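K.L.:
What follows is a predicted protein model with its sequence.
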Amino acid sequence: QVQLLESGGGSVQAGGSLRLSCAASGYTFCMGWFRQAPGKEREKVASTWSTLGDTHYADSVKGRFTISRDIAINTLYLQMNSLKPEDTAMYYCAAGPLTTGCDYQYWGQGTQVTVTS
């Protein structure tokens, strides 16, 4: 069982930046950030896997968000720049092993990000 604790959410004006952190209690091959806005489906924002630091981004955040991971301290980050009102959502950290794909078995409680225009 891996526990995840997110931090770094808050309210920011459009064009601003926030950095989310996710402290994990143990190592997992895959880690990612998801978000869910009211009335919308959960969306995978960014993910990273392997010790090589492979990454993947949703088209909506490419060029603005950067996912990174410090394996030594089991912490995942999401640097969010040029934030837009449509980025407003609850952001969740997720982690899990690689099976046929990344199997996100563990989830954090979420941290709210609000972007005002």
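P.N.:
Right, received. Where do you want to start? Numbers count the residues shown, from 1 in each chain.

K.L.:
mind checking how far His56 is from Gly32?
P.N.:
His56 sits 8 Å away from Gly32 when distances are taken as Cβ to Cβ, to the nearest Å. All C-beta spots, glycine's among them, are computed from the backbone N, C-alpha and C.

K.L.:
what is in contact with those two at once?
P.N.:
46-48 (Cβ atoms under 8 Å, 6 or more residues apart in numbering).

K.L.:
what pairs with the most centrally placed residue in the chain across the strands?
P.N.:
Centroid-nearest residue in the chain: Trp33, 2.2 Å away (criterion: Cα atoms, centre = their mean). Beta bridges link Trp33 to Ala46, Cys93 when assigned by DSSP bridges.

K.L.:
And the pLDDT at it?
P.N.:
For Trp33, the pLDDT comes out at 98.

K.L.:
for it, what are its contacts?
P.N.:
Residues in contact with Trp33, defined by Cβ under 8 Å, 6+ apart, are 20, 22, 44-47, 67, 76, 78, 91-94.

K.L.:
switch to 10 Å and redo it
P.N.:
The contact partners of Trp33, taken as Cβ atoms under 10 Å, 6 or more residues apart in numbering, are 6, 20, 22, 43-48, 57-58, 61, 65, 67, 76-78, 80, 91-94, 108.

K.L.:
What count of nearby residues applies to Pro38?
P.N.:
Around Pro38 sit 7 other residues, with neighbours defined as other Cβ atoms under 10 Å.
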